[in-house]
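Visitor: Give me the fold of what follows.
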Amino acid sequence: MTTHSDEDLLKRIAAGDRPAMQVLFSRHRLMVHRFLLRLVRDETVAEDAVSDTFLDVWRQAGDFQGRSRVSTWLLSIARFKALTVLRKRRDSGLDEDWAAEIEDEADTPEVTSQKLDKGAAIRLCMERLSAEHREVIDLVYYHEASVDEVAEIVGIPEGTVKTRLFHARKKLAELLVAAGIDRGWP
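Guide: Model (predicted):
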């Protein structure tokens, strides 16, 4: 069954084929998890959202119309799950007593300087991008989605994706220069 296309697996899932669901899950779980983790920035929440995403796939497999790749469809479902979680988080507020008990895990200056290699600096710069810019950079460069796939996942026109990508690259370049990283890689 591992040789079946994702589209074939979805047809089988729509018919209630559990092994097909297991194959699709094992094929795409890591991609969906990484995407969600970058959006929600919490391991436990990301894991829950992965489960919710694939539960929706089980329920909605028959609704897939094949207008995009299955991976694009999965990421759009995952994005919706992440936005729902983020919206709930923003609406719930912060419990002051609980917040007071959180231990300060900030690194000492020495540890911070040891951690700042190029990869870490790039990740830090990515975190400083707006959510919209970080999202398109993540989808294009980390998930290798095309502009039209990003437009479908995010639910915006292709022109808007291109504009966001242009500004995100520009801002990321500025942040990297400010962090002491130029475009030349050793």
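
Visitor: residues in contact with the residue minimising distance to the centre of the chain?
Guide: Centroid-nearest residue in the chain: residue 35, 2.0 Å away (criterion: CA atoms, centre = their mean). Shown in contact with residue 35 (CB atoms under 8 Å, 6 or more residues apart in numbering): 75, 78, 79, 138, 139, 142, 143. For every residue, glycine as well, the C-beta is placed using N, CA and C.

Visitor: repeat that with 6 Å
Guide: The contact partners of residue 35, by CB atoms under 6 Å, 6 or more residues apart in numbering, come to 75, 78.

Visitor: Give me the pLDDT for it.
Guide: pLDDT, residue 35: 92.

Visitor: Within the helices and strands, which one has it?
Guide: helix 18-40 (DSSP states H and E).

Visitor: now that helix, how far from the chain's geometric center?
Guide: Its chain's C-alpha centre and that of helix 18-40 lie 11 Å apart, by CA atoms, centre = their mean, to the nearest Å.

Visitor: Counting neighbours, which bits of the helix or strand following that helix end up buried?
Guide: Moving toward the C-terminus from helix 18-40, the next helix or strand (DSSP H and E) is helix 43-60. With burial defined by 16 or more other CB atoms under 10 Å, the residues of helix 43-60 counted as buried are 45, 46, 49, 50, 52, 53, 54, 56, 57.

Visitor: Good, we can wrap up now.
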